[in-house]
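**Student:** here is a sequence together with a model predicted from it:
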Amino acid sequence: MFKIFVIGSGLREEYTVFKIPIYVLYFLILPLLVVTFVCIFKESKKMFTYLNISLFLMIIFHAIIFCVKYQRTTNHTTYLFLYLVSNVLFVVGPVILINYFKHHPGKSEIEEIGTHSD
């Protein structure tokens, strides 16, 4: 990834104005998603924090890409509609569902011995 950043390849010429913000967002989003994935297996509560931060950064990243492509497209309303629907459907929607259905681990059965009232 560092080689891509130094050489500047990997980006089309239309994105050269936003080269630094795009690469900064690349290098922030990728580690956050990796840490989020690791925290899923550790059942850590920090997973939700990392996931929400990466969602915020992905929205900024998609907004930059949208601004560049919006200027080049001829049918603005269709592109705006597709942008909003695809972001809500594939980016924001799953994160909202993950946050809504948070896993709350139950208390240990060993700690509950003697506290049951039958």
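**Tutor:** Received it, and whenever you're ready, just let me know what you need. Note that the structure is predicted; figures quoted are calculated from it, not measured. Residues are numbered from 1 along each chain as shown.

**Student:** show me how far the host helix or strand of residue 69 is from its chain's centre.
**Tutor:** Secondary structure from DSSP states H and E places residue 69 in helix 46-72. Relative to its parent chain, helix 46-72 has a centroid offset of 7 Å by Cα atoms, centre = their mean, to the nearest Å.

**Student:** how about stretch 93-101?
**Tutor:** Its chain's C-alpha centre and that of stretch 93-101 lie 12 Å apart, by Cα atoms, centre = their mean.

**Student:** could you list the low-pLDDT ranges of the protein?
**Tutor:** 1-16, 103-118 (pLDDT under 70).

**Student:** tell me, what residue is most central in it?
**Tutor:** Taking Cα atoms, centre = their mean as the criterion, residue 55 is the residue nearest the geometric centre of the chain, at 3.4 Å.

**Student:** re the thing from before, tell me which other helices or strands the helix holding residue 69 touches.
**Tutor:** On a contact count with 3 or more Cβ pairs under 8 Å, 6 or more residues apart in numbering; DSSP states H and E, helix 46-72 meets helix 19-42, helix 76-87, helix 93-100. To be clear about C-beta, it is placed using only N, CA and C from the backbone, and glycine gets the same treatment.
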